[in-house]
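A.B. asks: One predicted model, sequence on top.
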Amino acid sequence: MPVRTNDIFDDVVAKFSKDSNAFVAKFMEGQSTGSLPIAMGPALRDFPGRWREKFLNCDADNAHKAQMPLIVEIGCHSGHTLCDMAEAHPEALFVGVDITFKRVVQTAERARDRGLKNVFVVLANAGGLKDLFAAKEVSGFVTFFPDPWKKIRHAHNRLYSAKFCSTLWDQLGTGGFIWLKTDHLPYFTEACLFVDHSGFHETSTLPVIGEADFSSFFLRRFDLQGLPWYSRKWSKIES
């Protein structure tokens, strides 16, 4: 059950019955009780500009979270990579965004089971990302293997566009970064042009994450099959 609307604050949960999908029920319970680090729709209205405060409220013993870098993975899937990054970098906060109840719940459960207090997961369509964070609130965006929409007639659905890159620029603080991986060369070439033209500068080392090269389900599958994939990193350097 993917979320298609670009309205971040739309009450999508209200459109589903708890009986329609086991993950819908788990999501609704996890959000209402706070047993899982998840949110969507109207519950997100007071998050933009206050993300670090929200993490602090979940773990009041760590007041330093108000100053920690905020890294966002767009398309976190089942959360393996997001949780690996969060575990490797307890000095940073990580937000995963995905469009299905199953992926969001599985990611949140994985973070909970691994005892990670620096992970939060959002059920939302990245097309509405502009409303999820305030200007310069984010330290870095990670996008690993987004849907390439390979057919030409579907290319307009691709995540990376001039408008999307403009949103990333606005929401990243100075020195913030973008990290993209994909197995689809035409999409990679197109996305790189959009990012370059938005004012970002290619870099080899990322702040916070450094030179670590976090794997993923897709990356491991491509490596096992001997298939190529492509990666690039950019930094926001304001003149």
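C.D. replies: Nice, thanks for sending it over.

A.B. asks: hang on, residue 49 packs against residue 137?
C.D. replies: Yes - here residue 49 lies in contact with residue 137, judged by CB atoms under 8 Å, at a distance of 6.2 Å. Any C-beta I mention is one placed from the backbone N, CA and C, and that applies to glycine too.

A.B. asks: Quick check: residue 106 vs residue 183, distance?
C.D. replies: When CB to CB, to the nearest Å is applied, the distance between residue 106 and residue 183 equals 22 Å.

A.B. asks: higher neighbour count, the two?
C.D. replies: For residue 106 versus residue 183, neighbours defined as other CB atoms under 10 Å are more numerous around residue 106 (20 against 16).

A.B. asks: quick one: what helix or strand has that one in it?
C.D. replies: Per DSSP states H and E, residue 106 falls inside helix 101-113.

A.B. asks: on that earlier part again, so which of residue 49 and residue 137 has more stuff around it?
C.D. replies: residue 137 (20 against 12).

A.B. asks: quick one: least confident helix or strand in the protein?
C.D. replies: Ranked by mean pLDDT, DSSP states H and E, the helix or strand of the chain with the weakest confidence is helix 217-224, at a mean of 71.

A.B. asks: so where's this structure shaky on pLDDT?
C.D. replies: Along the chain, segments meeting pLDDT under 70 span 1, 17-20, 57-66, 211, 215, 217, 219, 239.

A.B. asks: how about a cut-off of 50?
C.D. replies: Scanning the chain with the threshold set as pLDDT under 50 gives 60.

A.B. asks: And the helices in it?
C.D. replies: Across the chain, reading from the start of the chain, the helices by DSSP state H fall at 22-33, 51-58, 80-88, 101-113, 162-171, 185-197, 217-224.

A.B. asks: Could you work out the end-to-end span of stretch 38-51 for me?
C.D. replies: Terminal residues of stretch 38-51 lie 13 Å apart, using CA to CA, to the nearest Å.

A.B. asks: Can you check what angle separates the least confident helix or strand of the chain from helix 80-88?
C.D. replies: Interaxial angle of helix 217-224 relative to helix 80-88 (axes from the mean of the first three to the mean of the last three CA atoms, to 10 degrees): 100 degrees.

A.B. asks: Near the residue nearest to residue 122 when sequence neighbours are not counted, how many other residues are there?
C.D. replies: Nearest residue to residue 122, sequence neighbours excluded (CB to CB, 6 or more residues apart in numbering): residue 97, at 4.9 Å. Using other CB under 10 Å as the criterion, residue 97 is surrounded by 27 other residues.

A.B. asks: what's near enough to touch residue 97?
C.D. replies: Under the criterion of CB atoms under 8 Å, 6 or more residues apart in numbering, the neighbours of residue 97 are 72-76, 121-122, 124, 126, 129, 132.

A.B. asks: what do you get if the cut-off is 10 Å, keeping everything else the same?
C.D. replies: Contacts for residue 97 were tallied using CB atoms under 10 Å, 6 or more residues apart in numbering; they are 8, 40, 72-76, 82, 103-104, 107, 120-126, 128-129, 132, 141, 143.

A.B. asks: Mark which of these are buried, thanks.
C.D. replies: Of the members of the contacts of residue 97, the ones counted as buried by neighbours, 16 or more other CB atoms under 10 Å, are 8, 40, 72-76, 82, 103-104, 107, 120-126, 128-129, 132, 141, 143.

A.B. asks: Show me the longest strand that occurs in this structure.
C.D. replies: Longest strand in the chain by number of residues (criterion: DSSP state E): strand 172-182.

A.B. asks: Parallel or antiparallel, which strands does that one pair with?
C.D. replies: Here strand 172-182 is paired, per DSSP bridges, with strand 138-144 (parallel), strand 230-235 (antiparallel).
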